[in-house]
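Chemist: Can you look at this prediction? I've put the sequence above it.
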Amino acid sequence: MVLEGLREGLRGAIDRLLGRSLVDERALREFVRDVQRALIQADVNVKLVLELSKRLEEALRAERPPPGISMKDHAVYVLYEEITRILGGEDVRPPVPQGRGRPLRIMLVGLQGSGKTTTAAKLALYYKERGFRPGLVAADTYRPGAYEQLRQLAERVGVPVRGDPGGRDAVELARAGSESLEREGADVIIVDTAGRHKNEAELMEEMREMERALSPDITFLVVDATIGQQAERQARAFAEATRVGGLIVTKLDSSARGGGALTTAAVTGAKVYFVSSGESLEDFEEYSPRKFAERLLGMGDLESLVERFRRLSKEGEERMERLSRGKFTLVDFVEQLEDLRRMGPLSRLLEMIPGASQVKLPREALDGMEDRLIAWRAIVNSMTPEERGDPGILNGGRIRRIARGAGVEEREVRELLRSYEQARRLARALRRSRLRGTAAS
């Protein structure tokens, strides 16, 4: 789960406070120390932690809880407000095209290995899903295979990409690629630049020239969460070379130090716009300090969950209509399950549901559910159109052939067929129930 160590540390501090029969000054001091420990272990800037601790102590001493609110609940609310503040405070809205025939131009910069190229594709998918026409420009002339990686990602997203794998002038590639996409009607142009070390004078100068040539509407610094509070120095170094308009924090799922990267906003003034927490192109979301604080403290984030449901529901409407008519195919079954998986890792979906953070499901169980969906998609892809339309014709020989084609065992094919049959029976039962309800009314 995202920042699991910090989440568990803060929840532990809250649980210990709520478990006390008496909340006196000593209990509040211990609560503040528990919070300090959790933040420092998540690599949050020590100065920032001490400032938060002081504000938390002062607020708990000076403020009386409103009528009907216990001191325990008041302490949790004050902590929530302070955590929200150090995570960035108020939300910022991502930029969108303003019309008038000029596309939104975005430039991505960052150190080598920060995940810029994958982030470029995720950002393109983000805008595409919201009705825009994004395009990608490959302007990394240093890393072998950079253009090919971006081309493959663009193909998966379904957006155009411009670049030249043999090109050497990154500034000219960025300019020509942007102009080409603009002529073809792209309204969001995302330029992926070469990764650099913050002290490489030549590369930093190239970045300045590219900024002058493109006049981007916003430049995002892509920050790897695993570097923790070093993100502060990185942000300051890049800000000296270019106009960094915001941050995108990647790899939040693989680091205990992500708190340091996220709280860079409070130290440098640069706002975090997006966070990414996995390899999947869908593992990318707008960053909200308030919602993030809610999830860390176990309050859930139903709004984000609902937004993801809405975003995928449009694609699922036809399948749901077929289900209601009793025409529920094997392909429909797997695609419905994939819709759920595309909402993000199952572990992260659980974080968004209030109270679900208390359920301790083994990590292996959650990973196993996601692996099973991947295997089932491979199985369906190995079937002929006739077999997908009528699984009843599958005999032992066909099952063996399908298993070989999908690279799975025969029992996994049979497991898929059993699960599909159960879902189909449920769909029929729901349809009969619906028809009876319609007749009764």
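Modeler: Nice, I can see it.

Chemist: Flag the shaky bits of the protein, pLDDT-wise.
Modeler: 1-3, 63, 65-69, 196-199, 229, 253-260, 264-268, 299-328, 338-370, 426-441 (pLDDT under 70).

Chemist: Tell me how it divides into domains.
Modeler: Here the domain parsing of the chain from automatic domain parsing is 4-86, 104-296, 302-440.

Chemist: among those domains, which is the most enclosed?
Modeler: domain 104-296 (a mean of 20; mean count of other CB atoms under 10 Å). Placement of C-beta: from N, CA and C, glycine included.

Chemist: What values do phi and psi take at residue 409?
Modeler: For residue 409, the backbone dihedrals (degrees, to the nearest 10) come out as phi -90, psi 160.

Chemist: re the thing from before, can you tell me which of the domains of the chain comes nearest to residue 94?
Modeler: domain 104-296 (5.5 Å; CB to CB).

Chemist: pretty sure residue 231 contacts residue 261?
Modeler: Yes: at 4.3 Å, residue 231 counts as touching residue 261 under the criterion of CB atoms under 8 Å.

Chemist: shared neighbours, those two?
Modeler: Shared contacts of residue 231 and residue 261 (CB atoms under 8 Å, 6 or more residues apart in numbering): 223, 249.

Chemist: Can you give me the end-to-end span of stretch 154-172?
Modeler: Distance across stretch 154-172, first residue to last, is 21 Å (CA to CA, to the nearest Å).

Chemist: partners of whichever helix or strand residue 109 is part of in the sheet?
Modeler: Here residue 109, judged by DSSP states H and E, is contained in strand 104-110. Strand pairing for strand 104-110, using DSSP bridges, gives strand 188-193 (parallel), strand 218-224 (parallel).

Chemist: Now the last one - C-alpha only, PDB.
Modeler: Once side chains and other backbone atoms are set aside, the C-alpha atoms of strand 218-224 remain, and they are given as PDB (Å, rounded to 0.1, in the frame of the first residue of the first chain):
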ATOM      1  CA  ILE A 218       3.900  24.300 -17.400                       C
ATOM      2  CA  THR A 219       7.100  22.300 -16.700                       C
ATOM      3  CA  PHE A 220       6.600  19.300 -14.400                       C
ATOM      4  CA  LEU A 221       9.600  18.000 -12.300                       C
ATOM      5  CA  VAL A 222       9.200  14.200 -12.000                       C
ATOM      6  CA  VAL A 223      10.500  13.100  -8.600                       C
ATOM      7  CA  ASP A 224      11.200   9.500  -7.600                       C
END
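
Chemist: Check the offset of that strand from the chain's centre.
Modeler: How far strand 218-224 lies from its chain's middle: 15 Å, per CA atoms, centre = their mean, to the nearest Å.

Chemist: What distance do you get for residue 132 to residue 215?
Modeler: Taking CB to CB, to the nearest Å as the measure, residue 132 falls 19 Å from residue 215.

Chemist: quick one: contacts of the strand holding residue 109?
Modeler: Contacts of strand 104-110 (CB under 8 Å, 6+ apart): 95-98, 116, 119-120, 123, 178, 187-193, 195-196, 207, 210-211, 214-224, 238, 242, 244, 248.

Chemist: how about 7 Å then?
Modeler: Applying CB atoms under 7 Å, 6 or more residues apart in numbering, the external contacts of strand 104-110 come out as 95-97, 116, 119-120, 123, 178, 187-193, 195, 207, 210-211, 214-223, 238, 242.

Chemist: I'd like the next helix or strand past that strand.
Modeler: Assigned by DSSP H and E, the successor of strand 104-110 is helix 116-128.

Chemist: separation between residue 118 and residue 164?
Modeler: From residue 118 to residue 164 the distance is 21 Å (CB to CB).

Chemist: In a strand, residue 298, correct?
Modeler: No: under DSSP: H, G, I helix; E, B strand; the rest coil, residue 298 sits outside any strand and is assigned coil.

Chemist: now the strands for the stretch 151-300 of the chain?
Modeler: Here the stretch 151-300 of the chain has its strands, by DSSP state E, counting those that start in this stretch, at 161-162, 188-193, 218-224, 244-250, 272-276, 284-286.

Chemist: closest to residue 337 out of the ones you listed?
Modeler: strand 284-286 (20.9 Å).

Chemist: Against which helices or strands is the closest one packed?
Modeler: Secondary-structure packing of strand 284-286 (3 or more CB pairs under 7 Å, 6 or more residues apart in numbering; DSSP states H and E): strand 272-276.

Chemist: who's in contact with the residue nearest to residue 84 when sequence neighbours are not counted?
Modeler: In space, and not counting its chain neighbours, residue 84 is closest to residue 293: 4.4 Å by CB to CB, 6 or more residues apart in numbering. Counting by CB under 7 Å, 6+ apart, residue 293 makes contact with 80, 83-84, 87.
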